[in-house]
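[1] For reference, the sequence and a predicted model appear below.
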Amino acid sequence: MQFAQIRHYLVAGAVFVAITTQSAPAADNWPRIRQFTNETAIANGHLVISAVRSGDDKSKASIQALIGSQIVIAGGGQVGQGANLTVSSNIVVDIEILPMRGVIPQAAGWTAEVLGTLKRVDFKKRVIYMQAKPEDWRVDAAL
């Protein structure tokens with residue numbers, strides 16, 4: 001019985017890793033945002049991710065104008081990661097949930113979409129910092 005459970009978790013984990021570590025999509029091939037309709041926030045999220053991917057000085061300067069703006073980010077998470085998400089190209093989105101409340105599902109892994117405010121970006125560490133309300137952290141799928 002234990003072997004079957006372990007095998008199930010290993011298969012689920014492998015599927016999750018395969019989904020979340022796919023190569024970076026082209027700029028015109030973003031994951032479809034299903035939970036939110038704010039086109040400006042969606043475009044801002046794409047712009048921030050593109051800037052972190054490229055890391056050039058022009059991108060860094062353009063992102064400074066977006067600090068404090070609404071962004072939508074879609075990514076994956078797993079146990080131990082909290083509300084933070086990982087997006088393509090190994091970019092981490094550090095999400096502060098205010099007011100504090102548990103938002104992650106009871107699952108080994110998940111994909112989610114988050115609408116929130118861009119706080120800052122660490123280009124060297126490839127981390128996007130944002131703040132969101134609990135109701136704006138939404139699960140797409142859970143494993």
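    Looks like it arrived, so ask away. Numbering: from 1, shown residues only.

[2] next structured bit after the least confident helix or strand in the chain by mean pLDDT?
    For the chain, counting by mean pLDDT, DSSP states H and E, helix 2-20 ranks last in confidence among helices and strands (a mean of 49). Counting by DSSP states H and E, the next helix or strand C-terminal to helix 2-20 is helix 39-54.

[3] buried sites along stretch 41-55?
    41-42, 44-53 (16 or more other Cβ atoms under 10 Å). In short, each C-beta sits where N, CA and C put it, glycine included.

[4] wait, I meant stretch 54-63
    For stretch 54-63, by 16+ other Cβ under 10 Å, it's 59, 63.

[5] Which residues outside that stretch are in contact with it?
    Applying Cβ atoms under 8 Å, 6 or more residues apart in numbering, the external contacts of stretch 54-63 come out as 47-48, 50-52, 118, 121, 123.

[6] will you turn these into CSV that also has pLDDT and distance to Glu96?
    CSV is the format used below for those (pLDDT from 0 to 100; distance: Cβ to Cβ, whole Å):
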residue, pLDDT, distance to Glu96
Leu47, 95, 21
Val48, 96, 16
Ser50, 93, 23
Ala51, 94, 20
Val52, 95, 18
Leu118, 98, 12
Val121, 97, 14
Phe123, 95, 19
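
[7] between those, which is nearest Ala83?
    For the contacts of stretch 54-63, the residue nearest Ala83 by Cβ to Cβ is Leu118; the value is 15.6 Å.
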